[in-house]
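just coords:
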């Protein structure tokens, strides 16, 4: 079973996130393609969850009392794969098969992968699944918690808000929504495509206890809020995580031409790794 260690120092947390970003690039090295910016933007969120919050047993992925995690924005799966391998759910050698026909790791997460609770990628479904898990926990009188990461562009889907209404109706305080609010979709800023602001207020209007978190200036606040959840008794929690799409590589940040790349060369990967290290120094 995972344990919750003492809070990390900022330098250690940053180094940990750098390591995960480099692992993401190692998978892309083999697959020669991927949604790198969408994976980079959720790294701090997933490191916080997997390293400090969620209960799981990597050697027994279907442990009944594990916390459930759903990456609803499935195109960010490179970050989840990096954490799952790091925690021992599957061997790192699986990276070599990323996006290969005979490989175990696809361009979107699938339930057949150890540690993946739901097949996602068709946006708008993850929160509904998480609501089902949360209701199941209540009916089974189990204490597991349920976490779901949504993309901000995904929140234009009506099914997201239908699920939010259901979560509030049933008072699912064992449910936490984390929105990767990087403010960019594949084809434009969310402010232009479908403006979400005032975002936290919308979740509150739908019956959630909601807070904004600046994942650049104070990422440690996310852990503090997660440790306090539910933020309000009898209500589900929504944490609006202000992130940067492509965070870590200045030329990739908020540049939509990088949303998905294919035919990425060995030289491209080596340059990105050097640039990540330089930006981290």
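Now that the structure is in, tell me what you want to look at. If you're wondering where the values come from, they're calculated on a predicted model, not measured in any experiment.

from now on I want contacts and neighbour counts done on CA atoms only, so please keep to that.
Noted.

off-centre distance for stretch 32-52?
Computed by CA atoms, centre = their mean, to the nearest Å, the chain-centroid distance of stretch 32-52 equals 6 Å.

before we move on, what about stretch 57-65?
Relative to the centre of its chain, stretch 57-65 is centred 20 Å away, using CA atoms, centre = their mean.

what of stretch 239-251?
12 Å.

and stretch 42-59, by the same measure?
Distance, stretch centre to chain centre, for stretch 42-59: 10 Å (CA atoms, centre = their mean).

quick check: residue 240 is in a strand.
Yes. Residue 240 sits within a strand when classified using DSSP: H, G, I helix; E, B strand; the rest coil.

give me the pLDDT for it.
If you check residue 240, the pLDDT there is 98.

who does it bridge with?
Beta-bridge partners recorded for residue 240 (DSSP bridges): residue 179, residue 212.

pretty sure it is in contact with residue 183, am I right?
No. Contact between residue 240 and residue 183 fails when scored by CA atoms under 8 Å: they sit 11.2 Å apart.

between those two, which has more neighbouring residues?
More neighbours surround residue 240 than the other of residue 240 and residue 183, with 24 against 20 (other CA atoms under 10 Å).

show me what contacts the more buried one?
Applying CA atoms under 8 Å, 6 or more residues apart in numbering to residue 240 gives the contacts 178-181, 199-200, 210-213.

dump those residues to TSV, plus pLDDT and neighbour count.
Output for the contacts of residue 240, formatted as TSV (pLDDT from 0 to 100; neighbours: other CA atoms under 10 Å):
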residue	pLDDT	neighbour count
178	98	26
179	98	27
180	98	26
181	98	27
199	98	18
200	98	18
210	98	24
211	98	19
212	98	17
213	98	21
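
can you pull out the low-pLDDT segments for the protein?
1-9 (pLDDT under 70).

can you give me the helices for it?
Assigned by DSSP state H, the chain shows helices spanning 10-31, 36-40, 43-48, 77-87, 126-140, 158-169, 190-193, 199-205, 220-228, 266-280.

residue 58 is nearest to which of those?
Closest to residue 58 of these is helix 77-87 (CA to CA; 6.6 Å).

point out the other elements, helices or strands, that the closest one touches.
helix 10-31, helix 36-40, helix 43-48 (3 or more CA pairs under 8 Å, 6 or more residues apart in numbering; DSSP states H and E).

just the endpoints, please. Distance across stretch 138-152?
Taking CA to CA, to the nearest Å, the first and last residues of stretch 138-152 lie 28 Å apart.

now that stretch: buried residues?
Judged by neighbour count (16 or more other CA atoms under 10 Å), stretch 138-152 contains these buried residues: 144-152.

using a markdown table, lay out those residues together with distance to residue 273.
Output for the buried residues of stretch 138-152, formatted as a markdown table (distance: CA to CA, whole Å):
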| residue | distance to residue 273 |
| --- | --- |
| 144 | 37 |
| 145 | 35 |
| 146 | 33 |
| 147 | 30 |
| 148 | 29 |
| 149 | 26 |
| 150 | 27 |
| 151 | 25 |
| 152 | 27 |
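
and stretch 108-124, which residues are buried?
By neighbour count with 16+ other CA under 10 Å, stretch 108-124 contains the buried residues 108-110, 113-121, 123-124.

of these, closest to residue 171?
residue 124 (20.8 Å).

residues in contact with the closest one?
Residue 124 neighbours (CA under 8 Å, 6+ apart): 72, 154-155, 157-160.

for it, give its distance to residue 88.
Distance of residue 124 to residue 88, given as CA to CA: 29 Å.

and for residue 143?
According to CA to CA, residue 143 stands 24 Å off from residue 88.

ditto for residue 258
With distances taken as CA to CA, residue 258 is found 30 Å from residue 88.

and the two? which has more neighbours close in?
Set side by side, residue 258 and residue 88 show more neighbours around residue 258, with 19 against 14, by other CA under 10 Å.

what residues are up against the nearest residue to that one once chain neighbours are set aside?
Nearest residue to residue 258, sequence neighbours excluded (CA to CA, 6 or more residues apart in numbering): residue 252, at 6.4 Å. Contacts of residue 252 were listed using CA under 8 Å, 6+ apart, and they are 37, 245-246, 258.
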